[in-house]
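sequence and predicted model, in that order:
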Amino acid sequence: DPLDEHQDGCYVKIINCKRFVVNSVRGYLPLKVVHFVMNLHTLPRTFYLTRHGQSEYNLLGKIGGDSGLTPSGIEYAKRLAEFAKECIAKDTAGSSSSSSKSHHKTKETAAAAVEFHPQQEEEEEEDAEEETTSTVEPKKPIPARLWTSTLRRTKETAQFIEHDSLHHVWDNGEEGEWVQFRPMAKRNLDELYAGICDGMTYKEIEQMYPDEFERRQEDKLAYRYPRGESYMDVTLRLEPLAHEMERTREPILMVAHQGILRILYAYFMGLDRKEAPYVSIPLNMVIQLHPHAYGCDEKRFLLMTKEEMMNNSTQDGQDEPVTSMPVKTRRLSTQQVENQVHSQISPSDPIMNAPSC
């Protein structure tokens, strides 16, 4: 039944997703609900999640720190800039039937990685222009955002992304100049802090702090590093950022860290929070998420293969890097099993899934 604006009681009335009437709302959780609802909108939106390029600490198997990128990491940064220019900053939703289908992936193909080759795409576009008439409109530039953490390796990964100016008219009639991928460093996106274990390998942690090592294996979600953070702690500091993502209308390219992206991925994909610390977020891959009313579609783009990483490396020993921290055997959900079967990268790959918090 419709509510009278002068009616007593605790309620929130939403009118056309533009006007909100909040009456007699008190308490921590009710106010959290109001804050969340007021950040929602009905327009389609897309997020692009990627880890930073391979860092010096990744190469050594160390966690945390603030190291720079390796030559392979720099190469990935260049490819990410090309991907951002050609795929994120241009409207591909209605350019062809194949592109529109990319937003409606089934579970069986959602996690399959697609290799991105800019030169190959240019050649295919040229061939298509020769074979077909000019009935398809060219891709239009659209506003896009860039978020990174405050750490060096994410900023270096985003260093080659171009920041062109764009004159844009928004859906409310307002217009103005927009700077593409204006860099925005957010502390919320900093990697989970490993405290006294920061800068160590998992093997070193097992030798120096065997009790801590065992406790983390028992409960990776709630375990807090001494003088550091847990996944639960990071979840709390990511809550305002998740609200901002819900409110934002432009595509967002987020260059962050494995622990951070695991939590955000689990949130939008509707996974149980206990599964979040085990989500596979490989290096050199862009994960496209397209939330909608009935869930969230996923598509993965592999910008640089493991073999290309090894060719770009200036150091030996890449065949036997320090492996990531082992975890106890756990039962996987049906969705995770499908993701592992169809993904081109194994979650246990020590190079593509480099050690992280």
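Right, received. Where do you want to start? What you see is a predicted model; the values in this text were computed from it and never measured. Residues are numbered from 1 along each chain as shown.

could you look up the SS state of residue 222?
Taking DSSP: H, G, I helix; E, B strand; the rest coil as the rule, one finds residue 222 in the coil state.

how close does it get to residue 151?
24 Å (C-beta to C-beta, to the nearest Å). (Each C-beta comes from the backbone N, C-alpha and C, glycine too.)

which one of these two has more residues nearby?
Higher neighbour count among residue 222 and residue 151: residue 151, with 21 against 14, using other C-beta atoms under 10 Å.

and the pLDDT for the residue nearest to that one when sequence neighbours are not counted?
Distances taken as C-beta to C-beta, 6 or more residues apart in numbering place residue 66 nearest to residue 151, at 5.3 Å, with adjacent residues excluded. pLDDT, residue 66: 95.

quick one: contacts for residue 66?
Counting by C-beta atoms under 8 Å, 6 or more residues apart in numbering, residue 66 touches 151, 152, 153.

likewise residue 38?
Residues near residue 38 by C-beta under 8 Å, 6+ apart: residue 20.

mind redoing it with 10 Å?
Taking C-beta atoms under 10 Å, 6 or more residues apart in numbering as the contact definition, residue 38 lies against 12, 14, 17, 20, 22, 243, 246, 247.

where do the helices sit along the stretch 151-300 of the chain?
For the stretch 151-300 of the chain, the helices defined by DSSP state H, counting those that start in this stretch cover 152-157, 202-208, 210-218, 231-247, 258-269.

alpha carbons of the shortest one, as CSV, please.
In this case it means helix 152-157. Extracted as CSV, the C-alpha positions of helix 152-157 are listed here (Å, rounded to 0.1, in the frame of the first residue of the first chain):
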residue,chain,number,x,y,z
ARG,A,152,54.2,2.3,-6.3
ARG,A,153,53.5,-0.9,-8.3
THR,A,154,49.9,0.1,-9.1
LYS,A,155,50.8,3.6,-10.1
GLU,A,156,53.6,2.3,-12.4
THR,A,157,51.1,-0.1,-14.0
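
ok, residues contacting it?
50-58, 65-70, 73-74, 76-78, 80-81, 147-149, 183, 185-186, 189-191, 254-257, 260.

mind redoing it with 6 Å?
Contacting residues not belonging to helix 152-157 are listed as 52, 53, 55, 66, 68, 69, 77, 148, 255 [C-beta atoms under 6 Å, 6 or more residues apart in numbering].

now the fourth one: how far from residue 210?
This means residue 66. Applying C-beta to C-beta to residue 66 and residue 210 gives a distance of 27 Å.

skipping its backbone neighbours, what lies nearest residue 78 in space?
In space, residue 78 is closest to residue 160, 5.2 Å off (C-beta to C-beta, 6+ apart).

correction: the previous question concerned residue 147.
residue 254 (4.8 Å).
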